[in-house]
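A.B. asks: Coordinates for the following, if possible.
(chains A and B)
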Amino acid sequence: MIQKPKGTYDIYGDKAREILYLKKLITSLMDNYNYNYVQTPVFEASELFHRTVGEETDIVSKETYDFKDRGNRDLTLRPEGTAGIVRCFIENKLYVDASPLKTWYFGPMFRYERPQSGRNREFNQFGVEVFGSCNPMIDAETISIVYNLFKLLGLKELKVNINSLGDLESRAKYREALLSYFKPYLNDLCDDCKQRYAKNPLRILDCKIDANSDIMKNAPKISDYLNEDSKKHFAEVQKYLEFMGIDYVINDNLVRGLDYYTHTVFEITSEIEGFGSGNVLGAGGRYDNLVANLGGPNIPGVGFAVGIERLLLALEAENININQEEGIDVYLFATSENERDMMFSLASILRVNGFKTDLDYNLRNFKNNFKHADKLKAKFIIIIGADEVNSKCLTIKNNQTKEEYKVEFDNLIEFLDEKLGDE
RNA sequence: GCGGAAUUGGUGAAGGGGUUAACACAGUGGAUUGUGGUUCCACCAUGCAUCGGUUCGAAUCCGAUAUUCCGCCCCA
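C.D. replies: Predicted structure coming up:
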């Protein structure tokens, strides 16, 4: 028996309805914010991710799905969404259009990881990327999208963490300060942190092992190294968040695992008991140099990604049901083989007229047909037998009230419109 | 990359070396004939993740592999 690849899952039934509902809600929310849907390839040149996400990040160094195609091209299944959208932005010269350009995406991402709760090898992300504005309003707006989506869904146990990494100048100064601060303590840090010291010292702050040590607590804070512009930018982001009534916490140690961030970074976590390390539901930030680094014009960007599977887990943990199974309007069955053709053509007419219709394909007996109609949550049942065919008068049963009606064939649509229109 | 626990029909599961793999739900057919969701009866795993080993005999013991769940690292 061939099984699905490790860390993947099939989407069907309740899960499928939930994801479709989320997509619908997100689509309409993005419409209100006036963002444009963008779809880019699921795989890209491997080099794209090395240059954007960062060579030394875990995502690129040990989690990518790399392969060569039959033309010997080096390709990678996308581990995140930003790189592809930025490439698309540059390649199609989308910067000639209205600025800022506000985009969103929804689709599968791939990371070669050990599966566990809230983590799969193929998973779905919803995200936005905004290009062409340095205005802190955009930073606050993107945070508000994630926040409002979660609130709309009914999530309560949320925490918005924000921080600023500053511009290139501030970041460089801070890096120097960290290097000189940690140098005497190098041997006291964990092995991972020793590596981070050499490759990306900011990430030392992210360390869970040393988090509570005095060394870490007394480490220099990024906020002391922000220059005037960076400070002002961060202050305005906070001002706009307050305008929108979004509670946030400034977390000095929030640095994020992707290399491209500048200025604002944020994470929204679920604070539900027992949610573990998968509690980051959405995260993102500003990346003012990424477009230029990839060979595009010097245009700033802001974005975030939300993990759909994690969002569904959080909804489940808060007992929020978004599975909107509605049931059908009409169920038809024939009493014998002779009436099946009529049943089938009648179903077709109902469907074209906008009624959610299903029918008995199996020639079930009466009992099983009624059972099946209940299972489909049918509002009306139409029974077609010899009498009905001869008299051209249909028997229609309201499956909630059990009332039965005789309706002329020609009046059927009108009858159902009236009955179902009440709701 | 490291660690822990699991895997028995469509589903929930019992059985921990002895031949027909319990029970329940779902499904199908019937008692029931054009009006059901109650009740009753019948059918529904030559097979217990896969491969190999031990044994007269393995779902049961041993080994390997796969997958699932959970934790660490990291991430959404």
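A.B. asks: show me what contacts the residue positioned nearest the centre of chain A?
C.D. replies: Nearest to the geometric centre of chain A sits residue A:126, at 2.9 Å (C-alpha atoms, centre = their mean). Neighbouring residues of residue A:126 by C-beta atoms under 8 Å, 6 or more residues apart in numbering: A:22, A:26, A:104-106, A:305-306, A:308. Where C-beta positions appear, they are placed from N, C-alpha and C, glycine not excepted.
A.B. asks: repeat that with 10 Å
C.D. replies: A:22-23, A:26-27, A:29-30, A:81, A:104-107, A:145-146, A:149, A:282, A:304-308, A:311 (C-beta atoms under 10 Å, 6 or more residues apart in numbering).
A.B. asks: With residue A:281 instead?
C.D. replies: A:118, A:146, A:149-150, A:155, A:158, A:267-270, A:275, A:306-308, A:310-311, A:313-315.
A.B. asks: can you pull out the strands in the stretch 251-400 of chain A?
C.D. replies: A:262-270, A:280-286, A:301-307, A:330-334, A:357-359, A:380-384, A:393-398 (DSSP state E, counting those that start in this stretch).
A.B. asks: okay if I get the ones you listed as TSV plus distance to RNA strand B and mean pLDDT?
C.D. replies: Below are these laid out as TSV (distance: least, C-beta to the nearest atom of the strand, whole Å; pLDDT from 0 to 100):
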stretch	distance to RNA strand B	mean pLDDT
strand A:262-270	6	94
strand A:280-286	3	95
strand A:301-307	3	96
strand A:330-334	9	90
strand A:357-359	14	90
strand A:380-384	5	90
strand A:393-398	4	88
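A.B. asks: Distance to residue A:321 added to these, as TSV?
C.D. replies: Output for the strands of the stretch 251-400 of chain A, formatted as TSV (distance: least, C-beta to C-beta, whole Å):
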stretch	distance to residue A:321
strand A:262-270	17
strand A:280-286	18
strand A:301-307	19
strand A:330-334	25
strand A:357-359	24
strand A:380-384	26
strand A:393-398	27
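A.B. asks: Nearest to residue A:342, out of these?
C.D. replies: strand A:380-384 (5.7 Å; C-beta to C-beta).
A.B. asks: So what are the sheet partners of the closest one and their directions?
C.D. replies: Strand pairing for strand A:380-384, determined by DSSP bridges: strand A:330-334 (parallel), strand A:393-398 (antiparallel).
A.B. asks: winner for burial among these?
C.D. replies: Highest mean neighbour count among the strands paired with strand A:380-384 (mean count of other C-beta atoms under 10 Å): strand A:330-334, with a mean of 26.
A.B. asks: related to what we said a few turns ago, and residue A:191, which of the strands of the stretch 251-400 of chain A is closest to it?
C.D. replies: strand A:280-286 (24.0 Å).
A.B. asks: Partner strands of the closest one, with direction?
C.D. replies: By DSSP bridges, strand A:280-286 pairs with strand A:262-270 (antiparallel), strand A:301-307 (antiparallel).
A.B. asks: Send over stretch A:156-167 as CSV, restricted to the C-alpha atoms.
C.D. replies: C-alpha atoms of stretch A:156-167 as CSV (Å, rounded to 0.1, in the frame of the first residue of the first chain):
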residue,chain,number,x,y,z
LYS,A,156,-9.4,35.6,22.0
GLU,A,157,-6.1,34.4,23.5
LEU,A,158,-3.8,36.5,21.3
LYS,A,159,-0.6,38.4,21.9
VAL,A,160,1.0,40.8,19.5
ASN,A,161,4.8,41.0,19.9
ILE,A,162,6.6,43.8,18.1
ASN,A,163,10.2,45.0,17.9
SER,A,164,12.4,47.1,15.7
LEU,A,165,15.7,46.0,14.2
GLY,A,166,16.2,49.5,12.8
ASP,A,167,17.8,50.4,9.5
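A.B. asks: tell me how far it is from the chain's mean position?
C.D. replies: Relative to the chain's own centre, stretch A:156-167 is displaced by 18 Å; criterion: C-alpha atoms, centre = their mean, to the nearest Å.
A.B. asks: I'd say residue A:131 and residue A:99 touch.
C.D. replies: Yes. Using C-beta atoms under 10 Å, residue A:131 is in contact with residue A:99, at 7.5 Å.
A.B. asks: Among those two, which residue is more densely surrounded?
C.D. replies: Higher neighbour count among residue A:131 and residue A:99: residue A:131, with 27 against 13, using other C-beta atoms under 10 Å.
A.B. asks: Tell me the bridge partners for that one.
C.D. replies: residue A:101, residue A:301.
A.B. asks: what's it in contact with, if anything?
C.D. replies: A:85-86, A:89-90, A:94-95, A:97, A:99-103, A:138, A:287, A:290-291, A:296-297, A:299-303.
A.B. asks: Buried only: go through the residues you listed for me.
C.D. replies: A:85-86, A:89-90, A:94-95, A:100-103, A:138, A:287, A:290-291, A:296, A:299-303 (16 or more other C-beta atoms under 10 Å).
A.B. asks: Weed out the non-buried ones from the contacts of residue A:126.
C.D. replies: So, by 16+ other C-beta under 10 Å, the buried ones in the contacts of residue A:126 are A:22, A:26, A:29-30, A:81, A:104-106, A:145-146, A:149, A:282, A:304-308, A:311.
A.B. asks: Which of those fall in helices?
C.D. replies: For these, the ones inside helices are A:22, A:26, A:29-30, A:145-146, A:149, A:308, A:311, with DSSP state H as the criterion.
A.B. asks: Now distance to RNA strand B and pLDDT too, for those, in TSV please.
C.D. replies: Below are these laid out as TSV (distance: C-beta to the nearest atom of the strand, whole Å; pLDDT from 0 to 100):
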residue	distance to RNA strand B	pLDDT
A:22	14	95
A:26	14	97
A:29	17	97
A:30	18	98
A:145	14	98
A:146	10	97
A:149	13	97
A:308	8	95
A:311	8	94
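A.B. asks: Serialize these to JSON lines and add fields for distance to residue A:417.
C.D. replies: Formatted as JSON lines, these follow (distance: C-beta to C-beta, whole Å):
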{"residue": "A:22", "distance to residue A:417": "31"}
{"residue": "A:26", "distance to residue A:417": "32"}
{"residue": "A:29", "distance to residue A:417": "32"}
{"residue": "A:30", "distance to residue A:417": "33"}
{"residue": "A:145", "distance to residue A:417": "39"}
{"residue": "A:146", "distance to residue A:417": "41"}
{"residue": "A:149", "distance to residue A:417": "36"}
{"residue": "A:308", "distance to residue A:417": "37"}
{"residue": "A:311", "distance to residue A:417": "38"}
